[in-house]
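In: Predicted model and sequence follow; I will ask about them next.
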Amino acid sequence: MPDTIGELSAVELTAAIREKKISAREALADHLERIAEVNPVINAVVTLDPEGAGALAHRADQLTASGAELPPLHGLPMTHKDTNNTAGMRTTQGSIALRDFIPDADCLIVARLKAAGVVTTGKSNVPEFGAGSHTFNDLFGTTTNPYAPTLSAGGSSGGVAAVVASRVQSIGDGSDMGGSLRIPASFCNLVGFRSSTAVIPMPSDIDAYAWLGRTGPMARSVEDIALFMSVTAGKDPRVPHPAGLDPADFRSSLETDMRGVRIGWSRDFGIGVPVEAEILEHLERQLAVFEDLGAIVEEATPDFSEADLVFGNTRAMDFAAGLGPILKRSGDVVKSEVHWNVNKGFALTAKDLIETAAARTRLERSVQAFFGRYDLFASPCAQVLPFDATLRYPLNVAGVASETYLDWMRSACLLSATGLPVLSVPAGFSSAGLPIGLQLAGNHYTDMQLLRWGRAFEQQTGYAAVAPVVIAGAGIGDQALTTMSA
C-alpha cells in the first residue's frame, strides 16, 4: 500500500475504509490538507465546504461502525466539476453570469456518485460554460498543470485533472463534448474516458435526444475508471435512448489477451490534422507496446473528411439551445468564444441541418467499415503539449494557424463526432517532462473491452504512477477558493 492516503487509488481507498484501516474522516482530512497545500499553486478547487464534508464523513464512519452493507464508493472524498450541478452548493460553470447560482438538485452523475457513498467536498474549476480545452475564466482565474504550473492543465475538466494528478483525490467526474475529459487527461498524465452514447445518461429539459456531450470519469488507473462507471452507468427514464450498458458490465474482469487484436493507427486522421512532431514521434514509439502484447498495428483510419462538419454544426446547435437564453440575459459578461459558438448555432439553416445529418450518416458508415477490419483505433489525444497558461488557446499547431478556439482540439473533436467510446491513457513524457496521452477508440458499446485494452497498455508502461511535484509559489497567480459554511 502507498505511504500516503493521497497516493491510494479509489479501489484501494474504499477497500481500506471498508476494512476499517482508514476512517472516512481520516481520508477527508488528508484530502483537505492536500488542497491547502497545492491549490495556491494550481488553482483547481474553487468552492469548498469542509463543514458539510465533515458531517458526511462522520455519518460514513457511523455507517461503517454499524456493520451495515456499505456502498461501493463509501467514504471517498471528491470535488465535482463546476459544470455538474450540486444541490445546495454553488455551481457557476465558471461564469460571472452564474456566480451566485445554487442548484436545488444534483445532476444525474453527481446524484449517482453520492448514492454510491462519495463525500462531496467542493467544486473544481472550468473554462466558462465548459467552452474550450483550457481552464480559465474571469470568476476564478486559471487552473494550471501540476507537472508544470505555468502551463495549461487542459479543459474543460481541467480542475478535475489537476486535483486527481496532484493526489488531492483519486478520481473525479467531468464531461466531454470536444475532448474535455481526454485532453486534460493527456496534459496531466491521467486516464480520461468518454463512454458510448447514453451509457451515463444526461437528462435535459431542452433536448432529451442530445448525443454529442457526455459526462464521465478521470482517474489515475483504468481500474478506477471501471469502478466509477459501475456506479454511474445505467438507463434513466428521462433519456429515451434504446441502447446503453448495464452497470454490472463494468464490474467484470479487466484481464484481456491482445494477441491478434487489430489496431489502426493514424498520425493525422487521414485529413492532415496538424500535430506537434515530438508528440507523433513519441507515440509511434509507444505503439511497440501493443506489438509486444501480440497486437497487429497498421496505419489505417476511418474517413474523417466530414467529421469537422458534423462536430461543428452539432456543437453549435447545442450551444445555441443551451446557452442562448443566458447570453440574452447576461451576454455582456460572457466570453467571446461562447458568443461565437452560440451565434453559429442560431445561423444554421434547415439545409445545414439536413447536410449535417447526411454527413453523420456517411461518417458512421465509414466507422463501421473501419471496424470491419480493425478492433481498435489509435491516434494522438492532444495536438500540442501543455502550453503557456496565460494564452486563451494555442495560436498555431505545428506551424498551422488556429482560426478558431476549437482548431487545436480537432484530434478529440473528430472522434466526438463519431459517438464512439474513447479512452485517453498516459503514454509517457516529452523531452521536457510534459505528459503525452494516447487516444484509443472502440466500436459503439464495446466500452468494457476498450478499458481492458487500455489497462493492458497501462500495465506494460506504468506511466500514471509518475506523480508531479507541486512546489509552492510555482503557479501563475493567486488562487480563488471560496469556502462555504455547512
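Out: Perfect, I can see it now.

In: my guess is residue 466 contacts residue 188, does it?
Out: No. Counting by C-beta atoms under 8 Å, residue 466 stays clear of residue 188, with 11.3 Å between them. (Glycine included, C-beta is placed from N, CA and C.)

In: So for those two, which residue has more residues nearby?
Out: Between residue 466 and residue 188, counted using other C-beta atoms under 10 Å, residue 188 has the larger neighbour count: 32 against 13.

In: Hmm, that one is touching residue 152, no?
Out: No. Taking contacts as C-beta under 8 Å, residue 188 lies outside contact range of residue 152: 9.7 Å.

In: Need the residues touching each of these two.
Out: residue 145 (C-beta atoms under 8 Å, 6 or more residues apart in numbering).

In: give me every residue that touches residue 199.
Out: Contacts for residue 199 (C-beta under 8 Å, 6+ apart) come out as 229, 233, 244-245, 421, 445, 447.

In: hang on, it in a strand?
Out: No. With DSSP: H, G, I helix; E, B strand; the rest coil as the criterion, residue 199 is assigned coil and is not in a strand.

In: okay, which residue is most central for this protein?
Out: The chain has residue 181 as the residue nearest its centroid, 1.8 Å off, counting by C-alpha atoms, centre = their mean.

In: out of everything not next to it in sequence, what's closest to that residue?
Out: residue 192 (3.9 Å; C-beta to C-beta, 6 or more residues apart in numbering).

In: which SSE is the one you found in?
Out: strand 191-194 (DSSP states H and E).

In: Quick one: residues contacting residue 343.
Out: residue 320.

In: hang on, the earlier thing: in helices only, show me the contacts of residue 199.
Out: Among the contacts of residue 199, DSSP state H puts 229, 447 in helices.

In: mind putting the contacts of residue 199 in TSV, pLDDT and distance to residue 276 included?
Out: Below are the contacts of residue 199 laid out as TSV (pLDDT from 0 to 100; distance: C-beta to C-beta, whole Å):
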residue	pLDDT	distance to residue 276
229	98	31
233	98	35
244	82	37
245	94	35
421	98	26
445	97	33
447	98	29
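
In: which residues in the stretch 101-250 of the chain form strands?
Out: 119-124, 136-137, 141-142, 144-145, 148-152, 171-176, 191-194, 214-219 (DSSP state E, counting those that start in this stretch).

In: follow-up on the earlier one: the residue nearest to the centre of the chain and residue 218 touch, don't they?
Out: Yes. Under the criterion of C-beta under 8 Å, residue 181 makes contact with residue 218 at 5.8 Å.

In: what touches both of these two?
Out: In contact with both residue 181 and residue 218: 157, 174, 192-193, using C-beta under 8 Å, 6+ apart.

In: Is there a quick ChimeraX command that grabs whichever of the residues you listed are buried?
Out: Of the shared contacts of residue 181 and residue 218, the buried ones go into a single ChimeraX selection, burial set by 16 or more other C-beta atoms under 10 Å:
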select :157,174,192,193
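
In: Would you reformat the shared contacts of residue 181 and residue 218 as JSON lines and include pLDDT?
Out: Shown next, in JSON lines, are the shared contacts of residue 181 and residue 218 (pLDDT from 0 to 100):
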{"residue": "157", "pLDDT": "98"}
{"residue": "174", "pLDDT": "98"}
{"residue": "192", "pLDDT": "98"}
{"residue": "193", "pLDDT": "99"}
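
In: circling back: using CSV, write out every CA atom in the strand holding residue 192.
Out: C-alpha atoms of strand 191-194 as CSV (Å, rounded to 0.1, in the frame of the first residue of the first chain):
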residue,chain,number,x,y,z
VAL,A,191,-6.8,8.3,-17.8
GLY,A,192,-9.9,10.0,-19.2
PHE,A,193,-12.9,8.1,-20.5
ARG,A,194,-15.7,9.3,-22.9
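
In: Identify the residues contacting it?
Out: For strand 191-194, using C-beta under 8 Å, 6+ apart, the contacting residues are 157, 161, 174, 176, 181-186, 214, 216-222, 224-225, 229, 415-416, 421-426, 437, 451, 454, 458, 464.

In: change it to 6 Å
Out: 176, 181-182, 185, 214, 216-219, 222, 225, 422-425 (C-beta atoms under 6 Å, 6 or more residues apart in numbering).
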